[in-house]
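1. Got a predicted structure here, sequence first:
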Amino acid sequence: MFSDDDRLRERVESLRIAAGASYQRAADADRQGDSEKAEDYRELAATQTRKAELHERLIGRDLKFGQTHLLSVDVEQALKLLDRFDSNPAEVVLTHAERDEHAQWRLAEIQRKACEWLFANEVRASALREIARMALVMEGEGVEINAAALARMTGISRQTLHARLSEARRS
């Protein structure tokens, strides 16, 4: 039976192989003179490499469901959270308490909850982008949107909704 770490190792290997193949396709596209396609392949390879790094950094961590959350969000955000975990180890966080088994377990639970927090923020931001996009589609169809009423209907603050709508209009 495979452990989570074994699955992560397999995924790291497959992502690194895929990144190598993407870099090879980028080189092929460069030789053919298609710089746009080559750049796309290089970006894909860089993303695959960052995902491999994320999977690699999850090996040996006791994050349980937090691991799933980290693999579901933006790679850069997930890596930043792991950086924060690593820069604030138990020795720093647990300053005045005895570092017993229970305290270590509770600290691991806090880290899992931090993963949930990051995931929830990602879901929230995605929903907000989609609400703004749909409002712009409706405006494009000639429908006038009352942003204050939309904010009340969705539970999003007016300031946040106005900012996101303005940002979406600029893009």
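-> Yep, that arrived.
2. Extract the C-alpha trace of the helix-or-strand element of the chain with minimal mean pLDDT and format it as CSV.
-> One helix or strand of the chain scores below all others by mean pLDDT, DSSP states H and E: helix 90-93, with a mean of 78. Output in CSV follows, covering the C-alpha atoms of helix 90-93 (Å, rounded to 0.1, in the frame of the first residue of the first chain):
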residue,chain,number,x,y,z
ALA,A,90,7.9,24.8,16.8
GLU,A,91,11.0,26.1,18.7
VAL,A,92,9.9,29.7,17.9
VAL,A,93,6.2,29.3,18.2
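3. Now the element after that helix, going C-ward?
-> Next helix or strand after helix 90-93 toward the C-terminus (DSSP states H and E): helix 101-140.
4. Next secondary structure element downstream of that next one?
-> Using DSSP H and E, the helix or strand that follows helix 101-140 in sequence is helix 147-154.
5. elements contacting that next one?
-> Applying 3 or more C-beta pairs under 8 Å, 6 or more residues apart in numbering; DSSP states H and E, one finds that helix 147-154 contacts helix 101-140, helix 158-170. C-beta coordinates here come from the backbone N, C-alpha and C atoms, glycine included.
6. so can I have CSV of those helices showing mean neighbour count, distance to G60 and mean pLDDT?
-> Formatted as CSV, the helices and strands packed on helix 147-154 follow (neighbours: other C-beta atoms under 10 Å; distance: least, C-beta to C-beta, whole Å; pLDDT from 0 to 100):
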stretch, mean neighbour count, distance to G60, mean pLDDT
helix 101-140, 15, 12, 90
helix 158-170, 14, 38, 92
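7. And those: which comes nearest Y41?
-> helix 101-140 (26.3 Å; C-beta to C-beta).
8. For the helices and strands packed on helix 147-154, could you give me CSV that also reports distance to E10?
-> Below are the helices and strands packed on helix 147-154 laid out as CSV (distance: least, C-beta to C-beta, whole Å):
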stretch, distance to E10
helix 101-140, 21
helix 158-170, 39
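9. T68: which of those helices is closest?
-> Nearest of the helices and strands packed on helix 147-154 to T68, taken as C-beta to C-beta: helix 101-140 at 8.3 Å.
10. and the closest one, how far from the chain's centre?
-> Here helix 101-140 is found 9 Å from its chain centre; the criterion is C-alpha atoms, centre = their mean, to the nearest Å.
11. and what of stretch 131-142?
-> Centroid separation between stretch 131-142 and its chain, computed with C-alpha atoms, centre = their mean, is 26 Å.
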